[in-house]
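Colleague: Give me a 3D structure for the following:
(2 chains)
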Amino acid sequence: MANEAILRIEGLTVGFGDRVVQQDVSFTVNAGSIFAIMGGSGSGKSTLLKAMIGLLRPSAGSFHVGDEDYWAASEERRAEIGQGFGVLFQSSALWTSMSVAENVALPMRMLATLEEASIDALVAVKLALVGLDASGDTMPADLSGGMRKRAGLARALALDPGILFFDEPSAGLDPISARRLDDLIRELRDGFGTTIVLVSHELPSLFGICDDGIFLDAESKTAIAHGAPAELRDGCDHPTVHAFMNRERPPGDQGPAGDAHERR
Amino acid sequence: MTDTEGRGWKLQGQGAVSVIALSGDWIARTGGVEPGAPQRILATGPQSLGFETESLGHWDSALIAFLSALRDAARAGGIAFDEAGLPPPAQRLLVLARQAAPVPVSPSAASVLTRVGLWTLAVFAEITEIAALVGNTCLRGGAALGGRAAMRGTDLLDCLREAGPGALPIVTIVNLLVGGILAFVGAVQLRAFGADIYVASLVGIAVVREMAALMTAIIMSGRTGGAYAANIATMQGNEEIDALRVVGIPVFDYLILPRVLALTAMMPILYLYGCAVGIFGGFVVAVLTLDLSPIAFIDATQSAVSGSQFGLGLAKSVAFGALIAFAGCRVGLRAGRSAADVGRAATTAVVASVVGVIALDAIFALCANALGI
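Modeller: Now for the predicted structure:
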């Protein structure tokens, strides 16, 4: 499986109505790798991710899952392919009316034909894997930010997906919690061999766990660099990428209001 | 043991050292987890457990769930569990599940006595809060009239528009139909006694004294009281109220006061409008079905409905408006921070308002009876 392309994006253009957010983006994700979609705030990372998890139809280009063109498939087929995806949203997006255990159990109840005893055992092991084995009965509102992320991860693992998508997994977490979550993501990849696509601009996470990646630029609205985050930090000559990866101000940045282009 | 998909386990070497040979694909989604397997393995009396995985195919959390349960059962029975024969990724996941940081378990359920005590304290705290809310409204309402409250005029105007003109269509429909229904019911009964003309008195008194105020209040409970609760509960969830507090903007003046003032001010106007529409509904039905002349109907209504009955209806509508606004705002403020809490807050506000309005109406009825109105 290693080095075999499992996701292939070719010339993808995404946006909202007439507004193009990213255009002509191409890359491949190898099976079992942790792939980073990098870029500054407002560069379209999450929008690109939406096109990959079926929430936003791209205006051009193709997205292949294995050998299948995801957006050319019927809606039913896309739903079937999507059952092989697990998604951890930035806000965790836990269903607040259900306990943590019910959140993890719901996809199994709705999408698989399993007996209750099996579901209970699988929920228990998934909560144990993310370190929430004693919090199954807790309601999402009573969890801390880090625990909510872990609960979201347990739910993303519910159907043992082959591909996991993470939108800013360590956003809003303290450095220790973020590091623990990074380690957990890597352990789960090593254990289950899951392919992981991760949207982030948290440099420690990017350098710590990602094998490969792509850098999206807000100004040119396209991908301006490919490679592992550590390689881009040390070897990329593009001024924007270099500045981002080394936490420097880009050339020509005009004082504290330099990111004014992000304001809507 | 082998299931229909060819996955399974087989115990090799009975007695002290047992090796479990795992085979086939262990996929959770299609095969689940075999219940009771650890107990069956341990029932053979092994002193240590090892594994052989030459025939093991694809696997996912189904295998980890099986191994994890077996490991826990083996430990509980003092039996050695040797993971060395397992695939390295499975060993890593078993370590991960074992290293799971313990999270404190929620406290066990309290005794009945404790719960009754806690409930009593909560009710007392709630009564205190409501009293404070009413007191604050009186104090800050006075300040607002003098232009000294931190309330934005635009917020008050928005609330007035929402609670007044915004509610006109539904107030019109409901009161028109209630007036018509009263006339229909009265017509059937009174015609039997040749007392057709009293339909006008029936409709006039019922609408002015009870129905216009009551029906308008019930409409506003569902429409505006529920919206207040949902709106404030959503703000609570988005930490908007926390932000107001941190900045130092008085939450009461900014959020509660415009809503209470707007609904309390608009309810009497809606009541008067409801009376007019209700009587018109009765008028249309009476004229069309009883062959009463319009002049006779209006004349009978004028003589039946007194000013004191209008006064009673107006007093009721003011009280109902304040009650609905208080209930909606209070329920919204004490709501939790989740989406489910917003739904619960809206429902609770509507139920509390409707029950409160009916109870308050009963008290008004007793008072009116005592005063001879």
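
Colleague: where does chain B have its least confident helix or strand?
Modeller: Sorted by mean pLDDT, DSSP states H and E, the helices and strands of chain B end with helix B:240-247, the least confident at a mean of 78.

Colleague: other SSEs contacting whichever helix or strand comes after that one?
Modeller: As assigned by DSSP states H and E, the chain's next helix or strand after helix B:240-247 is helix B:251. The contact analysis (3 or more Cβ pairs under 8 Å, 6 or more residues apart in numbering or on different chains; DSSP states H and E) places helix B:251 against helix B:240-247. Placement of C-beta: from N, CA and C, glycine included.

Colleague: pretty sure residue B:58 contacts residue B:27?
Modeller: Yes: applying Cβ atoms under 8 Å as the test, residue B:58 and residue B:27 come out as touching, 6.4 Å apart.

Colleague: who has more neighbours, those two?
Modeller: Of the pair residue B:58 and residue B:27, residue B:27 is the one with more neighbours under other Cβ atoms under 10 Å in any protein chain shown, namely 18 against 11.

Colleague: how near is the more buried one to chain A?
Modeller: Distance, residue B:27 to chain A, by Cβ to the nearest Cβ, to the nearest Å: 7 Å.

Colleague: Let me see the contact set for that residue.
Modeller: By Cβ atoms under 8 Å, 6 or more residues apart in numbering or on different chains, the contact list for residue B:27 reads A:160, B:5, B:7, B:58-60, B:62.

Colleague: Are we agreed that residue B:52 is in a strand?
Modeller: Yes: applying DSSP: H, G, I helix; E, B strand; the rest coil, one finds residue B:52 inside a strand.

Colleague: related to what we said a few turns ago, are any of the contacts of residue B:27 buried, and which?
Modeller: Among these, those buried by neighbour count (16 or more other Cβ atoms under 10 Å in any protein chain shown) are A:160, B:7, B:59-60, B:62.

Colleague: biggest separation within those, which pair?
Modeller: Maximum pairwise distance among those (Cβ to Cβ): 14.3 Å, between A:160 and B:7.

Colleague: And the least confident helix or strand of chain B, what's buried?
Modeller: Per 16+ other Cβ under 10 Å, helix B:240-247 contains these buried residues: B:241, B:244.

Colleague: Any chance you could give me the helix or strand residue B:180 falls within in CSV, C-alpha atoms only?
Modeller: Assigned by DSSP H and E, residue B:180 falls within helix B:168-191. The C-alpha coordinates for helix B:168-191 follow below in CSV (Å, rounded to 0.1, in the frame of the first residue of the first chain):
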residue,chain,number,x,y,z
LEU,B,168,-50.6,41.5,13.3
PRO,B,169,-51.3,38.8,10.7
ILE,B,170,-51.6,35.9,13.1
VAL,B,171,-53.4,38.0,15.7
THR,B,172,-55.9,39.0,13.0
ILE,B,173,-56.6,35.4,11.8
VAL,B,174,-56.9,33.9,15.3
ASN,B,175,-59.1,36.6,16.8
LEU,B,176,-61.3,36.8,13.7
LEU,B,177,-62.0,33.1,13.8
VAL,B,178,-62.5,33.0,17.6
GLY,B,179,-65.1,35.8,17.2
GLY,B,180,-66.8,33.9,14.4
ILE,B,181,-66.8,30.6,16.3
LEU,B,182,-68.4,32.3,19.4
ALA,B,183,-71.1,33.7,17.2
PHE,B,184,-71.8,30.3,15.6
VAL,B,185,-72.0,28.5,18.9
GLY,B,186,-74.2,31.2,20.4
ALA,B,187,-76.4,31.4,17.4
VAL,B,188,-77.3,27.7,17.6
GLN,B,189,-78.2,27.9,21.3
LEU,B,190,-79.9,31.3,21.4
ARG,B,191,-82.0,30.7,18.4
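
Colleague: How about residues contacting the helix or strand that comes right after that helix?
Modeller: Counting by DSSP H and E, the next helix or strand C-terminal to helix B:168-191 is helix B:198-206. If you take Cβ under 8 Å, 6+ apart as the criterion, helix B:198-206 is touched by B:179, B:182-183, B:186-187, B:190, B:278-279, B:282-283, B:286, B:290, B:292, B:296-301, B:303-305, B:309.

Colleague: Any quick ChimeraX command for the buried ones out of those residues?
Modeller: Burial among the contacts of helix B:198-206 is assessed by 16+ other Cβ under 10 Å; the matching ChimeraX selection reads:
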select /B:179,182,183,186,187,190,278,279,282,283,286,290,292,297,300,301,304,305,309
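
Colleague: Which residues are in contact with the spatially most central residue of chain A?
Modeller: Residue closest to the mean C-alpha point of chain A, counted by Cα atoms, centre = their mean, is residue A:166 at 2.3 Å. For residue A:166, the contacting residues are A:87-88, A:185, A:196-200, by Cβ under 8 Å, 6+ apart.

Colleague: re the thing from before, now do the helix holding residue B:180, average pLDDT.
Modeller: Here helix B:168-191 scores 93 as its mean pLDDT.

Colleague: Report the angle between it and helix B:198-206.
Modeller: 140 degrees (axes from the mean of the first three to the mean of the last three Cα atoms, to 10 degrees).

Colleague: Which elements pack onto helix B:168-191?
Modeller: Contact here means 3+ Cβ pairs under 8 Å, 6+ apart; on that basis helix B:168-191 packs against helix B:198-206, helix B:212-220, helix B:257-290.

Colleague: Let me have those in JSON lines, extended by mean pLDDT.
Modeller: Listed next are the helices and strands packed on helix B:168-191 as JSON lines, based on pLDDT from 0 to 100:
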{"stretch": "helix B:198-206", "mean pLDDT": "93"}
{"stretch": "helix B:212-220", "mean pLDDT": "96"}
{"stretch": "helix B:257-290", "mean pLDDT": "94"}
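
Colleague: So the nearest residue to residue B:176 once chain neighbours are set aside versus chain A, what's the distance?
Modeller: Counting by Cβ to Cβ, 6 or more residues apart in numbering or on different chains, residue B:281 is the residue found nearest to residue B:176 once chain neighbours are left out, at 4.1 Å. As judged by Cβ to the nearest Cβ, residue B:281 and chain A stand 42 Å apart.

Colleague: what sits against residue B:281?
Modeller: Neighbour list for residue B:281: B:175-180, B:183 [criterion: Cβ under 8 Å, 6+ apart].

Colleague: In the stretch 101-250 of chain A, mark out all the helices, start to finish.
Modeller: Listed in chain order, the helices of the stretch 101-250 of chain A (DSSP state H, counting those that start in this stretch) span A:116-129, A:145-156, A:175-192, A:203-209, A:229-235, A:239-245.

Colleague: Tabulate the ones you listed (TSV), appending distance to residue B:273.
Modeller: Listed next are these as TSV, based on distance: least, Cβ to Cβ, whole Å:
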stretch	distance to residue B:273
helix A:116-129	56
helix A:145-156	49
helix A:175-192	58
helix A:203-209	61
helix A:229-235	67
helix A:239-245	63
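
Colleague: Out of the ones you listed, which gets nearest to residue B:164?
Modeller: Short answer: helix A:145-156, nearest of those by Cβ to Cβ, at 42.0 Å.

Colleague: Give the burial count for the closest residue to residue A:235 other than its chain neighbours, as a bare number.
Modeller: Distances taken as Cβ to Cβ, 6+ apart place residue A:227 nearest to residue A:235, at 7.7 Å, with adjacent residues excluded. Residue crowding around residue A:227 was assessed by other Cβ under 10 Å; the count is 17.

Colleague: what does the stretch 101-250 of chain A put close to chain B?
Modeller: Counting by Cβ under 8 Å from any Cβ of the partner chain, the positions of the stretch 101-250 of chain A adjacent to chain B are A:108, A:112, A:114-115, A:117-119, A:121-122, A:124-126, A:128-135, A:137-141, A:147, A:157, A:159-160, A:184, A:187-188, A:190-193.
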